[in-house]
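[1] Sequence and computational prediction follow.
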Amino acid sequence: MRYNRIHVVLFLAPILIIVLVLIGMIAWTVAVSMDKWVGMAPVWQFNGLQNYATLFSMERFWNSLRNNLTWMVAFIIPSAMLGLLLAYGLTLSGRAESLFRPLFLYPLALSFVVTGTLWAWMYDPEAGVINNILKSVGLGGLGQPWISSPRQATFCLIGAAIWQYTGFAMTLYLAAIRDIPRELFEAAKVDGASDIGIFRHIVVPNVTQATLVTIAMLTIFSLKVFDLVWVITFGGPGISTEVLGFFMYVATYRQAFVGLGAAISVIILILAIAVVVPYAWWSMKRLQT
Amino acid sequence: MKNMNMKKWLPKLPLLFILAVAALVWLLPMYTMVANSLKTEREISRAQYYLPPQGLELGNYVTAFGILKRGLLNSVLVSVPATLIAVFLGSWSGFFLSRMRFKHSQTIFFTATIATFLPYQVVLFPLMYLLMLLDVTNTKQGLILCYLILNTPMAMLITATFFQTFPAELEEAAALDGCGPVTFYWRILLPVGRLALISTAILIFTLIWNEFLIAMAMTQGPYAQMATPVLAGLKGNYAQVWHIQMAAAMLTSIPPLLIFIFLGRYFVAGLTAGALAG
């Protein structure tokens, strides 16, 4: 179809304007991170890398970063593995797939605030659902302090996130398994391979792409996690469940250390770019073909 | 016949059993939420949360609705226009990017992918400043603007992914009739791509409806506050009043859950396209 320069401008203006606004805002955040801004009114006073130096000297920052890393490991691996196992199980179950699939997927439609409200109660040490159910089946001894224990709390939050996001990994894996040529499965069956053998030798090697996408998506999620922390523990007990996204919000909006908050944002940005740029590069290459 | 069915099903029984147990675990939180949102205060105080409610205490929903109604209305008034505009603008640019060959399409696509997955924290504070500059702080218009900026790149990415799968003959036939890009977009692409647009809109609506960080940071007080910050605030003010909290959580979930139940196919299509963009 023929088009001219006016068409190019007309059609691309919306996305170009928005991308430019976003780039401008990122530049603004970077500038503020090198500024002495404290309090809600703007203070434009160059401060060099002082905010970063302050940040790196704070135990609270390293605590948040450590928790983000815990999220990455303890959230991504179980979600991806459970997602893959469920996807394969559903594929094998034949017609029962359409019955089971929505039951693992529906949490994705919920807000993290809803998930948080719900799981805050599940995990409550005294009046909580889990401990109460354990007590009523005579297993009260297995009751845990859950979110009131600094050591368990982050893992409790991660548990809620796994519940919500396993369906996401499952969906990507279901699509990937469906794309594997039928002949591979049939040939393996003729050779007498078991379902487990097929899983190891045919399914796992052929879903690498879905694994990459799942890991990229869930890594980005682990970097920006905020809502669940805010609603379930508010960073507590103490600061034990704080993550960078939460610390940034508290530093900026509650304590008005705007420059410091911007520095945390820049750290989040750098970590996100490390994942998003290779991912965007990869999807661009795929678009080309 | 019966025998054959048995033979087919019997080896699958262990698998179906495992799946059923896993599904029950996945349903337990939802069951807890629904069952306890319908209990009286006395039933709740007995702490037998696993039991179904004795009656249907719909009064909880009346109370919860009283607290949430302003927030729910604001959520509708923000999510619906923001979704419609984002999908329109996104598909407008997405069409050109996916169907026309020109020099910088790769660069634009690359940048839009990065913008789609940018953590909101990175632009949170400047976004607040932008709203102040435009004098739309603490208004629904301000929220709509924020969500437009943050979701249009995703709308573009997803629609472009869908549009790319359409056959090239679409343009060839149109070009023969002397149809330009604008006419093509309105007359042919929008009707042909309606499923793609619905999938994109459903995903983006759900994202905005469920969003919390922007919704909380950009508004104070009930005037423009959406349902999610109101629900989060409930936890502080109604601590231990679990049945009201659960009823409020249910009310906030109803629109996305209805979409999931009745339009689940599109929801999944949008989600997959979003993640697998390209």
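    Nice, thanks for sending it over. Numbering: from 1, shown residues only, chains lettered A, B, ... in the order given.

[2] any idea whether the residue nearest to A:Ala280 when sequence neighbours are not counted is helix, strand or coil?
    Spatial nearest neighbour of A:Ala280, chain neighbours left out: B:Thr113 (3.7 Å); criterion: CB to CB, 6 or more residues apart in numbering or on different chains. In this view, the C-beta of every residue, glycine as well, is placed from N, C-alpha and C. Under DSSP: H, G, I helix; E, B strand; the rest coil, B:Thr113 falls in the helix class.

[3] Next one: B:Thr113 from B:Leu73, what distance?
    Using CB to CB, to the nearest Å, one gets 34 Å for the distance from B:Thr113 to B:Leu73.

[4] now A:Thr115
    A:Thr115 is 23 Å from B:Leu73, by CB to CB.

[5] quick one, which of those two is more surrounded?
    The residue with more neighbours, out of A:Thr115 and B:Leu73, is A:Thr115; 24 against 13, by other CB atoms under 10 Å in any protein chain shown.

[6] for stretch B:70-77, which positions count as buried?
    B:Arg70, B:Gly71, B:Leu72, B:Asn74, B:Ser75, B:Leu77 (16 or more other CB atoms under 10 Å in any protein chain shown).

[7] same question, stretch B:240-258
    Across stretch B:240-258, burial judged by 16+ other CB under 10 Å covers B:241-253, B:255-257.

[8] And for stretch B:44-58?
    Buried positions in stretch B:44-58, judged by neighbour count with 16+ other CB under 10 Å: B:Ile44, B:Ala47, B:Tyr49, B:Pro53, B:Glu57.

[9] Next: stretch A:63-78.
    Buried residues in stretch A:63-78, defined by neighbour count with 16+ other CB under 10 Å: A:Asn63, A:Ser64, A:Leu65, A:Asn67, A:Asn68, A:Thr70, A:Trp71, A:Met72, A:Ala74, A:Phe75, A:Ile76, A:Pro78.

[10] Dump these to TSV, plus secondary structure and distance to chain B.
    TSV is the format used below for the buried residues of stretch A:63-78 (DSSP: H, G, I helix; E, B strand; the rest coil; distance: CB to the nearest CB, whole Å):
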residue	secondary structure	distance to chain B
A:Asn63	helix	17
A:Ser64	helix	12
A:Leu65	helix	14
A:Asn67	helix	15
A:Asn68	helix	11
A:Thr70	helix	18
A:Trp71	helix	13
A:Met72	helix	14
A:Ala74	helix	18
A:Phe75	helix	15
A:Ile76	helix	14
A:Pro78	helix	13
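
[11] Adding distance to A:Gly94 and pLDDT, write these out as JSON lines.
    Below are those laid out as JSON lines (distance: CB to CB, whole Å; pLDDT from 0 to 100):
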{"residue": "A:Asn63", "distance to A:Gly94": "48", "pLDDT": "96"}
{"residue": "A:Ser64", "distance to A:Gly94": "46", "pLDDT": "96"}
{"residue": "A:Leu65", "distance to A:Gly94": "46", "pLDDT": "96"}
{"residue": "A:Asn67", "distance to A:Gly94": "42", "pLDDT": "96"}
{"residue": "A:Asn68", "distance to A:Gly94": "41", "pLDDT": "96"}
{"residue": "A:Thr70", "distance to A:Gly94": "38", "pLDDT": "96"}
{"residue": "A:Trp71", "distance to A:Gly94": "36", "pLDDT": "96"}
{"residue": "A:Met72", "distance to A:Gly94": "35", "pLDDT": "94"}
{"residue": "A:Ala74", "distance to A:Gly94": "33", "pLDDT": "96"}
{"residue": "A:Phe75", "distance to A:Gly94": "31", "pLDDT": "96"}
{"residue": "A:Ile76", "distance to A:Gly94": "30", "pLDDT": "96"}
{"residue": "A:Pro78", "distance to A:Gly94": "26", "pLDDT": "97"}
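
[12] tell me the two of the residues you listed that are most distant?
    Farthest pair in the buried residues of stretch A:63-78 (CB to CB) is A:Asn63 and A:Pro78. Separation: 22.8 Å.

[13] wait, does the helix or strand containing B:Glu43 make contact with chain A?
    Applying DSSP states H and E as the criterion places B:Glu43 in helix B:41-45. No - Helix B:41-45 stays clear of chain A (CB under 8 Å from any CB of the partner chain), getting no nearer than 9.0 Å.

[14] before we move on, the earlier item: relative to A:Met72, how far out is the residue nearest to A:Ala280?
    Counting by CB to CB - B:Thr113 and A:Met72 are separated by 21 Å.

[15] Give me the nearest residue to A:Gly235, chain neighbours excluded.
    A:Glu242 (4.2 Å).

[16] before we move on, what about B:Leu58?
    In space, B:Leu58 is closest to B:Leu38, 7.4 Å off (CB to CB, 6+ apart).

[17] Phi, psi for the nearest residue to B:Ala196 once chain neighbours are set aside please.
    Nearest-residue entry for B:Ala196: B:Phe162, 3.3 Å, with adjacent residues in sequence omitted and distances by CB to CB, 6+ apart. For B:Phe162, the backbone dihedrals (degrees, to the nearest 10) come out as phi -70, psi -50.

[18] Now do the SS call for the residue most central in space within chain A.
    Nearest to the mean C-alpha position of chain A, by CA atoms, centre = their mean, lies A:Phe221 at 1.9 Å. Going by three-state DSSP, the secondary structure assigned to A:Phe221 is helix.

[19] I figured it was touching A:Tyr165, is that so?
    Yes - the pair A:Phe221 and A:Tyr165 qualifies as a contact (CB atoms under 8 Å) at a distance of 7.0 Å.

[20] any shared contact partners between the two?
    A:Phe75 (CB atoms under 8 Å, 6 or more residues apart in numbering or on different chains).

[21] Could you check how many residues crowd around A:Ile26?
    18.

[22] what's the burial count for the nearest residue to it once chain neighbours are set aside?
    Residue nearest to A:Ile26 in three dimensions, not counting chain neighbours: B:Val122, with 6.1 Å by CB to CB, 6+ apart. Using other CB under 10 Å, B:Val122 has 27 other residues around it.

[23] B:Val122 and A:Ile268 touch, don't they?
    Yes - between B:Val122 and A:Ile268 a contact is recorded at 6.0 Å, counting by CB under 8 Å.

[24] Any buried residues in stretch B:175-185, and which?
    Buried, per 16+ other CB under 10 Å, within stretch B:175-185: B:Cys179, B:Pro181, B:Phe184, B:Tyr185.

[25] what's the nearest residue to the last one if we skip its chain neighbours?
    Using CB to CB, 6+ apart and skipping residues adjacent in sequence, the residue nearest B:Tyr185 is B:Phe95, 5.3 Å away.

[26] do the third one as well
    If the residues on either side of it in the chain are set aside, B:Phe184 comes closest to B:Ala174, at 5.0 Å by CB to CB, 6+ apart.

[27] try A:Trp163
    In space, A:Trp163 is closest to A:Pro107, 5.8 Å off (CB to CB, 6+ apart).

[28] burial count for that neighbour?
    24.

[29] cool, and the one 3 residues further on?
    By other CB under 10 Å, the residues close to A:Leu110 number 25.

[30] where does chain A dip in pLDDT?
    A:287-289 (pLDDT under 70).

[31] could you pull out the helices for it?
    For chain A, the helices defined by DSSP state H cover A:5-33, A:50-56, A:59-92, A:97-105, A:112-123, A:129-136, A:150-179, A:182-190, A:195-198, A:204-206, A:208-224, A:227-228, A:244-249, A:258-288.

[32] and these as a markdown table, adding distance to B:Ala23?
    Shown next, in a markdown table, are those (distance: least, CB to CB, whole Å):
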| stretch | distance to B:Ala23 |
| --- | --- |
| helix A:5-33 | 40 |
| helix A:50-56 | 45 |
| helix A:59-92 | 9 |
| helix A:97-105 | 4 |
| helix A:112-123 | 17 |
| helix A:129-136 | 18 |
| helix A:150-179 | 11 |
| helix A:182-190 | 25 |
| helix A:195-198 | 19 |
| helix A:204-206 | 24 |
| helix A:208-224 | 21 |
| helix A:227-228 | 23 |
| helix A:244-249 | 32 |
| helix A:258-288 | 31 |
